[in-house]
Each structure stands twice: as structure tokens, then as C-alpha cells.
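Asker: coords please:
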Amino acid sequence: MIDRIPIDPDVASRSSPKSLWRGIPFVALLWLPFAAIAANPAAQEIDPGVIDALARSMSDDLDHGDHFDAQVWLLSCVPKLARYVSSDKEQELILRTVYREANRHDMDPDLVLAVMQVESRFDRFAVSSAGAQGLMQVMPFWRNEIGRPQDNLTQIETNVRYGTAILSQYLKEARGDLIDALARYNGSRGRLNYPELVVYAYRARWQTQATDDLPKLQAGCRAYSLAACNAVRSARH
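Answerer: Numbers count the residues shown, from 1 in each chain. Down below sits the predicted model:
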């Protein structure tokens, strides 16, 4: 049975399979650095579907212009993002870019923010030990695969455009299985540690839609018995 206790959204959660962690105090896992339990992103296969999705996304200059819903969402997210990003200008650029790119791929922008929190804590200059770069920790080899070696992954708009296109493609390949798609994005398919972190960050900090309107999240919580789902529910009630 998974312990139902609060998890700090900025620290590591439990891994999979669950039997591996039974008998270990959950709080002890909070001291483990994420790098110690996460898979190496460099192990990701060069997926032709991702290459195609990236190429199409980077060549599409369509701008999903601002509208009332976008402005309401942006204003609701600014206080949350201020914990990580002090510059008002950078906050606005991140949020406007996330909203536009998430809508380009019909994705929840709150999910993109949760991925960023876990991947880089919103440090656009972050570089992992495997060489992943920027807000969404995109591996540089994708640039060469689509013939754009000049792209700067520390630039907010470029990084978010790459990251959302990649995550969107994995969601398609996973047939809407959010948990599997997140694990693919992290290069740790078959493990739950990364999806646990993202789902907790999403539900504890970024979620703006009612859970009843999030069938993929509900399905993932049921299918994988995520501790993050139970922990947030426990902390709120």
C-alpha cells in the first residue's frame, strides 16, 4: 500500500516498481537527489516520430495570439512562478510562450510548467550531467536531427517549442497515457519516479483545471496508483 503523506514538489518522490520501496521509510527518500534516481536522458532513442514532430513545429510560424483566457491564465500563474523567476519580463515571456506552444499541441499548459519545475526549476541556463539544456532540459542532438544545429536551447521560446513538441509526440505514441509519456520524455520508461515528481508538482502547484476535466490524469492515477495523487489529496483534506 502506498503511503499517503505530503510530498515537497521540489524534491524526489518514490520510484517503481513499488515493491522495491516497501519497508523503506518514505521520508528517507526525500533526501535522495533527483539525479541519483532518474534515468539518463541520453539513453533516449532517436525516435523518427519525434524528429518529424519537431521539424513541423519549428517550421510552423503560426502565432496563437493572446485572448482573454490566456490573460486570465497568465495572471493566475505569475505569483506561482515568482518563487522561481524574479524578473517580471522573464516571467511573462515564459508564461506566454508556454501558453502558445501548449495550445499549438492541444496540451495543458499547467502540465508544461510542472515539467519545467521538475526539470530545471525554471533556470533557462540549466545543463544536466547528460547535457540536456534549458527550461525543459532538451537534449541537443535533436537540433542536428532536424537540421537546425544553430538553435540556442537556452532561449526561452526555442526551448519551450522543442520541449512541448517532444512531449506532445510522446503523448501520441503513448496513446494518451500521460504517465508513460512523461517517462518517455525523461528517458525512464518503465519507471515511475519521474512521473511521480511531475504529477505532484502539477497537482500541488500548477493545476488550474478541475480534476474531473482531466481524464488523462485521472486514468494515470488509477492505472499506476501514483503516490503523488494520494499525497496531494491527503494534504488538501
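
Asker: So what touches stretch 72-80?
Answerer: Here stretch 72-80 makes contact (C-beta atoms under 8 Å, 6 or more residues apart in numbering) with 91-92, 95-96, 99, 109, 113, 205-206, 208. Every C-beta, even on glycine, is put in place using the N, C-alpha and C of the backbone.

Asker: For PyMOL, write the selection for the buried entries among those.
Answerer: Buried members of the contacts of stretch 72-80, defined by 16 or more other C-beta atoms under 10 Å, are picked up in PyMOL with:
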select buried, resi 91+95+96+99+109+113+205+206
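
Asker: Take the contacts of stretch 72-80 and write them to a markdown table, including distance to residue 161.
Answerer: Converted to a markdown table, those look like this (distance: C-beta to C-beta, whole Å):
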| residue | distance to residue 161 |
| --- | --- |
| 91 | 18 |
| 92 | 17 |
| 95 | 15 |
| 96 | 13 |
| 99 | 13 |
| 109 | 13 |
| 113 | 15 |
| 205 | 23 |
| 206 | 20 |
| 208 | 22 |
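
Asker: Looking at the contacts of stretch 72-80, which is nearest residue 83?
Answerer: Nearest to residue 83, judged by C-beta to C-beta, of those is residue 205 at 8.7 Å.

Asker: So that closest one, which state does it fall into?
Answerer: Taken by DSSP: H, G, I helix; E, B strand; the rest coil, the conformation at residue 205 corresponds to helix.

Asker: Touching, it and residue 114? I think so.
Answerer: Yes - counting by C-beta atoms under 8 Å, residue 205 touches residue 114, with 7.3 Å between them.

Asker: which stretches of the protein aren't confidently modelled?
Answerer: 1-45, 47-66, 231-237 (pLDDT under 70).

Asker: And the strands in it, which stretches?
Answerer: Counting by DSSP state E, one finds no strands in the chain.

Asker: which residues in it form helices?
Answerer: With DSSP state H as the criterion, the chain has helices at 26-29, 34-37, 48-59, 68-81, 88-104, 109-120, 141-145, 156-173, 178-186, 193-201, 215-224, 227-236.

Asker: any idea how far residue 179 is from residue 199?
Answerer: Residue 199 is 8 Å from residue 179, where distance means C-beta to C-beta, to the nearest Å.

Asker: out of the two, which sits in the more crowded spot?
Answerer: Using other C-beta atoms under 10 Å, the more surrounded residue of residue 199 and residue 179 is residue 199, with 30 against 23.

Asker: who are the neighbours in contact with that one?
Answerer: Residues in contact with residue 199 (C-beta under 8 Å, 6+ apart) are 114, 179, 182, 217, 220-221, 226, 228-229.

Asker: Write the PyMOL selection for whichever of the residues you listed are buried.
Answerer: What follows is the PyMOL syntax for the buried subset of these, where burial is set by 16+ other C-beta under 10 Å:
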select buried, resi 114+179+182+217+220+221+226+228+229
